[in-house]
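Engineer: Structure of the sequence below:
(one chain, ligands or ions: 1)
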Amino acid sequence: MKYKHLFGPVPSRRLGISLGVDLVPHKVCSLNCIYCEVGRTTNLTIERKEYIPLNDILTELKDYLNNKPELDYITFSGAGEPLLHNGIGKIITFIKENYPQYTLALLTNSTLLYDENVRKEILGIDLLLPSLDAVSKKVFKKLNRPNSKLDNEKIIEGLIKFSKDFSGKIWLEVFIIPGLNDTKEELELLKNAIKKIAPDQVQLNTLDRPGTESWIEPVSKNRMEEIAELLKPLPVEIIAKFQSRNKIRSYHKDVEQQIIETIKRRPCTDKDLSEMLGIHINEINKYLSELLHEGSVTSQQQERGTFFCAK
Ligand code: SF4
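Structural biologist: Model (predicted):
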């Protein structure tokens, strides 16, 4: 069966062997973050609906999971915000009832957690990986470019409420953008808000490949360490750079080869590669990050987006 909504398993920094489940089309999101690795949001919405027929997703999951694959996580993630799909609660229940041996993770931008129904729907997951990059309205707007109906105060309240009711783990990610959310003022605001959310881990991240906007610079290792110090005694960790691909069980040399062969012929965006090779954009991005790190691929910002070329 050719899967349209499942991808990977991808080599994930945080989750080991993770099967991705994408619940919304590219690119439906409630935010349009300046650092987004999967391109600009084309449908900036907070409307929850069945973006992809629920049955299509369940059929793919059944087909895949009936083979009893070895997975560390099944992860709701993808090229947009998974909580925008109004069937997520049913999908969680379906997996937990039929395949209880698997651990469920959800990557979310947190924006819909202000809604009590959304919070209830996802109580059955094992691990929540929410993002929170800013507390002040000003930085939230500049960095995350939200749908106009979103209110960051309510989002943070939603995170606090969820954390109180949830029995699983929460690893909260903060994506640091120099000059925006690394000021002393914003970091203090973040620290106070995160204390109330009380996640099990706070994971600091920064750009490791071109984001939507080309002017964004990654944060240096030293600066990340200073920020981590500032946020202590919160349980902070800097998300380590990608481990060597040879150590990742789900890294496929043939996928890497296909990407290199394609961009040798002509430079491509991640979306072009995804369409040409029939591989999910998130999976393509994982490989591109690794290839950029080792220097066998370079990137160039052009009007249509970031283009990747083989060296
Ligand atoms: S980084 Fe996540 S939340 Fe932000 S625009 Fe991209 S998909 Fe949406």
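
Engineer: how about the helices in the chain?
Structural biologist: Per DSSP state H, the chain carries helices over the ranges 54-65, 88-98, 116-121, 137-144, 152-165, 184-197, 221-231, 253-265, 270-277, 281-294.

Engineer: Report all helices and strands that the first one contacts.
Structural biologist: Read that as helix 54-65. strand 6-12, strand 16-22, helix 88-98 (3 or more Cβ pairs under 8 Å, 6 or more residues apart in numbering; DSSP states H and E). For every residue, glycine as well, the C-beta is placed using N, CA and C.

Engineer: which bits of the stretch 101-250 of the chain sit near the ligand?
Structural biologist: Contact residues (Cβ under 6 Å from any ligand atom) of the stretch 101-250 of the chain with the ligand: residue 109.

Engineer: Going by proximity to the ligand, name the top residue of the stretch 101-250 of the chain.
Structural biologist: Closest to the ligand within the stretch 101-250 of the chain is residue 109: 3.5 Å, counting by Cβ to the nearest ligand atom.

Engineer: one step back: distance to residue 17, mean neighbour count and mean pLDDT for the helices of the chain - can I get that in JSON lines?
Structural biologist: Putting the helices of the chain into JSON lines (distance: least, Cβ to Cβ, whole Å; neighbours: other Cβ atoms under 10 Å; pLDDT from 0 to 100) gives the following:
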{"stretch": "helix 54-65", "distance to residue 17": "13", "mean neighbour count": "16", "mean pLDDT": "98"}
{"stretch": "helix 88-98", "distance to residue 17": "16", "mean neighbour count": "16", "mean pLDDT": "98"}
{"stretch": "helix 116-121", "distance to residue 17": "26", "mean neighbour count": "16", "mean pLDDT": "98"}
{"stretch": "helix 137-144", "distance to residue 17": "30", "mean neighbour count": "18", "mean pLDDT": "98"}
{"stretch": "helix 152-165", "distance to residue 17": "27", "mean neighbour count": "18", "mean pLDDT": "98"}
{"stretch": "helix 184-197", "distance to residue 17": "28", "mean neighbour count": "16", "mean pLDDT": "98"}
{"stretch": "helix 221-231", "distance to residue 17": "27", "mean neighbour count": "14", "mean pLDDT": "93"}
{"stretch": "helix 253-265", "distance to residue 17": "15", "mean neighbour count": "14", "mean pLDDT": "85"}
{"stretch": "helix 270-277", "distance to residue 17": "21", "mean neighbour count": "18", "mean pLDDT": "86"}
{"stretch": "helix 281-294", "distance to residue 17": "12", "mean neighbour count": "20", "mean pLDDT": "85"}
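
Engineer: For these, could you give me CSV that also reports distance to residue 1?
Structural biologist: Shown next, in CSV, are those (distance: least, Cβ to Cβ, whole Å):
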stretch, distance to residue 1
helix 54-65, 5
helix 88-98, 17
helix 116-121, 27
helix 137-144, 36
helix 152-165, 34
helix 184-197, 40
helix 221-231, 42
helix 253-265, 19
helix 270-277, 18
helix 281-294, 17
